[in-house]
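1. Using only what follows, build the 3D model:
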Amino acid sequence: MIEHKSQIRVRYADTDMMGVVYHANYAIYFEVARTEMFREIDMPYAEMEKNGIRLPVVDLHCKYFRPAKYDDMLTVTAAMRELPGVRVNFDYIVENQEGEKLCEGDTTLVFTDINTGRPVRMPQYVEKVLQKYFD
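-> Numbering: from 1, shown residues only. This next block holds a predicted model:
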């Protein structure tokens, strides 16, 4: 399993007229944690793209428990619980500075060829990096 925690401060622009984080921004917070996870394990998205691979999101779920508000410091935990094949699944938990769970969710991404957009099996160089976290 791979797990990564990212810190995100809620910006005023992230909030709606009710003063809480607009629901769609949680997808952005998930992306921040996911991309930072890949960067932390020395597999940044930019490197995959240089090697002809993209990872579009094909499924996203989110369940809200409490609102995040302007200037809150959020901890977004992203976890990859199983070694991917063509699809890669991530789970997320968003907590505020008091440790209260605000939201949880998951996404599914698919390895695709950058030129054709067609799904491909996880490249061997990616599998080599990820395998050590799943032994």
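2. residues contacting residue 69?
-> Residue 69 sits next to 10, 15, 19, 20, 21 when contact means C-beta atoms under 8 Å, 6 or more residues apart in numbering. In this view, the C-beta of every residue, glycine as well, is placed from N, C-alpha and C.
3. same thing but 6 Å
-> By C-beta atoms under 6 Å, 6 or more residues apart in numbering, the contact list for residue 69 reads residue 20.
4. what do you get for residue 111?
-> Applying C-beta under 6 Å, 6+ apart to residue 111 gives the contacts 53, 86, 120, 122.
5. same check, this time on residue 121
-> Shown in contact with residue 121 (C-beta under 6 Å, 6+ apart): residue 86.
6. Would you double-check that it falls in a strand?
-> No: using DSSP: H, G, I helix; E, B strand; the rest coil, the secondary structure at residue 121 is coil, not a strand.
7. separation between it and residue 84?
-> As defined by C-beta to C-beta, to the nearest Å, residue 121 lies at a distance of 9 Å from residue 84.
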